[in-house]
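Undergrad: Build me a model:
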Amino acid sequence: MSLRQSRFIEIKNVSLVEDNVALFPDAVTIRGTKHLNELIKLRKEGHRAVIFFLIQRIDCDTFSPADHIDAVYGKTLRKAYAEGVEVLPYQAKVTVTGIEILRELRLILKKAD
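TA: So this is what the prediction gives:
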């Protein structure tokens, strides 16, 4: 990586869990899709592009896009990943004294049939 290469990170808060799977988004997000497209553009320009999902739930083991809520976002996230945007889902434990990052969750991008 060149010292001139910029790094761009989009951070999303995840609070939705269904069947032990953390999901994003929890509502249609035109703005979120726009941000993914910007990350794709930046990656194509040679920059490091990352989307970081902070999952503030401990009752899940994997992360996936919520296609049943916003199919366009799910499709765009898959495209971003294919174009080299890093997708980092991390689980955190939230308490009254702080937020502790626990682990990276397994990323599932295959669309459910």
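
Undergrad: With only the CA atoms kept, save stretch 71-82 in CSV.
TA: This file holds the C-alpha atoms of stretch 71-82, laid out as CSV (Å, rounded to 0.1, in the frame of the first residue of the first chain):
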residue,chain,number,x,y,z
ALA,A,71,-32.8,-5.9,-1.6
VAL,A,72,-31.1,-3.1,-3.4
TYR,A,73,-28.7,-2.6,-0.4
GLY,A,74,-28.0,-6.3,-0.3
LYS,A,75,-27.2,-6.4,-4.0
THR,A,76,-25.0,-3.3,-3.7
LEU,A,77,-23.1,-4.7,-0.7
ARG,A,78,-22.4,-7.9,-2.7
LYS,A,79,-21.2,-5.8,-5.6
ALA,A,80,-19.0,-3.7,-3.3
TYR,A,81,-17.4,-6.9,-1.9
ALA,A,82,-16.8,-8.2,-5.4
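
Undergrad: Grab the nearest non-local neighbour of the spatially most central residue of the chain.
TA: Among the residues of the chain, the one closest to the centroid is residue 53, at 4.2 Å (CA atoms, centre = their mean). Distances taken as CB to CB, 6 or more residues apart in numbering place residue 89 nearest to residue 53, at 4.3 Å, with adjacent residues excluded. For the C-beta atoms, the positions are set from N, CA and C on the backbone; glycine is no exception.

Undergrad: Could you say which helix or strand holds that neighbour?
TA: strand 86-95 (DSSP states H and E).
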